[in-house]
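Enquirer: Let's see this in three dimensions:
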Amino acid sequence: MGVQVLYSFVIYALINAFTPGPGNILALNTMTNYGWKKGKPLYFGIFAGYFFVQALCAFFIFGLNNLINPIMNVLTYAGAIYILWLAYRVAISKPDNKTSDKQPSFWIGFVLQVVNVKIFLFGITALTGYITPYYSSLGTLLFFEILIATVGTIATLSWVFFGGILQKTYFKHYRIINIILALLLLQCAVALLLH
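Expert: Next up, the predicted model:
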């Protein structure tokens with residue numbers, strides 16, 4: 001692998017990881033609603049889901065090419081339905097009033113990533129476009145997928161950070177912000193179905 005290919009891979013990974021996607025938008029919304037402490041289980045679910053999905057991508061690319069297309073078709077529709085449900089939940093959510101029993105959970109974040117076709121496509125296209133022409137061992141594929149998941153986790157943390165900065169503004173204008181975030185999630189679901 002040459003320097004130019006590695007450079008292109010890094011740029012591709014950064015752009016894909018930092019652009020708005022379901023995980024980043026949910027992290028932003030959870031931070032503005034619940035803050036870091038209450039939202040922590042959900043963030044860890046998102047991070048764990050990211051690493052889980054990227055490891056799956058490495059295994060698929062390594063030896064299960066024939067299973068990728070049927071699974072991706074199922075995940076596309078499951079992901080779109082789940083993201084639409086999240087968009088609805090974001091649109092109707094209100095800032096935490098301290099009396100609510102509902103807490104952001106690890107499993108909401110984890111399941112979101114498992115059905116998040118964006119990160120599946122991200123992992124698969126990164127490997128097939130930049131890595132497999134040069135390397136084919138499972139260890140190398142896993143290494144690059146862990147690198148991708150780490151960049152994705154850093155990107156999600158940046159969205160959490162900005163959620164913390166925007167928290168006061170969010171409490172004043174939560175209805176408008178929730179509608180914008182829900183529309184971004186709706187756009188993610190539509191993009192999945194049209195891809």
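Enquirer: Report the next helix or strand after the lowest-mean-pLDDT helix or strand in the chain in sequence order.
Expert: For the chain, using mean pLDDT, DSSP states H and E, the weakest element among its helices and strands is helix 65-92, scoring a mean of 71. Note on helix 65-92: by DSSP states H and E, the next helix or strand toward the C-terminus is helix 106-114.
Enquirer: Next, name the residue at the spatial heart of the chain.
Expert: Ranked by distance to the mean C-alpha position of the chain (C-alpha atoms, centre = their mean), the top residue is G23 at 3.4 Å.
Enquirer: pLDDT value on it, please?
Expert: G23 carries a pLDDT score of 88 in this model.
Enquirer: Helices along the chain, start to end?
Expert: When secondary structure is read from DSSP state H, the chain shows helices at 3-18, 22-63, 65-92, 106-114, 117-126, 138-165, 167-194.
Enquirer: For T132, find the nearest of those.
Expert: Taking C-beta to C-beta as the criterion, helix 22-63 is the member of the helices of the chain that comes nearest to T132, at 6.5 Å. For the C-beta atoms, the positions are set from N, CA and C on the backbone; glycine is no exception.
Enquirer: And the closest one, how far out from the chain middle?
Expert: Between the mean C-alpha location of helix 22-63 and the chain-wide mean there is a distance of 6 Å, by C-alpha atoms, centre = their mean, to the nearest Å.
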